[in-house]
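>>> pasted the sequence and its predicted model underneath.
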Amino acid sequence: MARARGGGGALVLAAAVACVLWAAAAEARSPAARAHRHLKRLNKPPVKSIESPDGDIIDCVHISHQPAFDHPLLKNHTIQFRLAYHPEGLYDDAKSSIGSDNASEKPKLQLWHQNGRCPADTVPIRRTKKVDLLRASSMRRYGRKRHTAPNPMSVDPNMLSEGGHQVREHGLSY
């Protein structure tokens, strides 16, 4: 008789575990849980975080961990060169800036530059928040470009050759 009761307890335990697993699966399918998983995929671990005066958080992410390298064709891509042009200006630290009395002061092009700048070998990325995802029409396509077909009527019919290719005339002057 004791053996029969032990089997019933196992059945109750199995039913309880099944209920917990079912509830966990339902929770994982909720929009909030999906948003949390998507945020973990979008927001990379920052080297430094800067809070902007307007409330945005700018993450300075290592250049090799930027979201562009999440593309399957760029998974093992290595950066081969450093850019000679920096968004801060057309000149490096050694040259003085045009129109500035203080050569060491860099112009503040972004609002968040008031609270700091990203270190070398990092790129600034605005941190995506949960409200951004929930406000979007589709969580899966958030931040992606829309695929559009080119409009064939956008070409001037007078500029087409007999083969359908666009022809341009260029004049030379001496």
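In hand now; what should we look at?

>>> switch to C-alpha atoms for all contacts and neighbour counts from now on
Noted.

>>> how many residues are close by the residue lying closest to H77 once chain neighbours are set aside?
For H77, ignoring the flanking residues on the chain, the nearest one in space by C-alpha to C-alpha, 6 or more residues apart in numbering is F69 at 7.3 Å. Other residues within reach of F69 by the criterion other C-alpha atoms under 10 Å amount to 15.

>>> quick check on F69: phi, psi?
phi -80, psi 10 (degrees, to the nearest 10).

>>> surely it is in contact with K75?
Yes - at 5.7 Å, F69 counts as touching K75 under the criterion of C-alpha atoms under 8 Å.

>>> can you map out the helices along the protein?
2-28, 31-42, 130-135 (DSSP state H).

>>> in the shortest one, what counts as buried?
What that stands for is helix 130-135. By neighbour count on 16 or more other C-alpha atoms under 10 Å, the buried set for helix 130-135 is L133.

>>> try the second one
Buried positions in helix 31-42, judged by neighbour count with 16+ other C-alpha under 10 Å: A35, H38, L39, L42.

>>> closest one to A136 out of these, please.
The shortest distance between A136 and any of the buried residues of helix 31-42, using C-alpha to C-alpha, involves A35 and amounts to 10.9 Å.

>>> surely the closest one and K130 touch.
Yes - in this structure A35 lies within contact range of K130 using C-alpha under 8 Å: 6.4 Å.

>>> give me the low-pLDDT residue ranges for this structure?
1-7, 21, 23-29, 81-106, 108, 137-145, 152-174 (pLDDT under 70).

>>> which stretches of it form strands?
Using DSSP state E, the strands of the chain run over residues 48-51, 57-62, 122-126.

>>> now render those as TSV, adding distance to L109 and mean neighbour count.
Putting those into TSV (distance: least, C-alpha to C-alpha, whole Å; neighbours: other C-alpha atoms under 10 Å) gives the following:
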stretch	distance to L109	mean neighbour count
strand 48-51	15	18
strand 57-62	14	22
strand 122-126	13	18
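
>>> now these as a markdown table including distance to L11?
What follows is the strands of the chain, written out as a markdown table (distance: least, C-alpha to C-alpha, whole Å):
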| stretch | distance to L11 |
| --- | --- |
| strand 48-51 | 51 |
| strand 57-62 | 51 |
| strand 122-126 | 51 |
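
>>> which one of those strands lies closest to N115?
Comparing those against N115 with C-alpha to C-alpha, the closest turns out to be strand 48-51 (6.6 Å).

>>> would you put the C-alpha positions of that closest one in PDB?
Coordinates of the C-alpha atoms in strand 48-51 are reproduced here as PDB (Å, rounded to 0.1, in the frame of the first residue of the first chain):
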ATOM      1  CA  LYS A  48      32.600  52.900 -21.500                       C
ATOM      2  CA  SER A  49      29.000  54.300 -21.200                       C
ATOM      3  CA  ILE A  50      28.200  58.000 -21.400                       C
ATOM      4  CA  GLU A  51      24.900  59.500 -20.400                       C
END
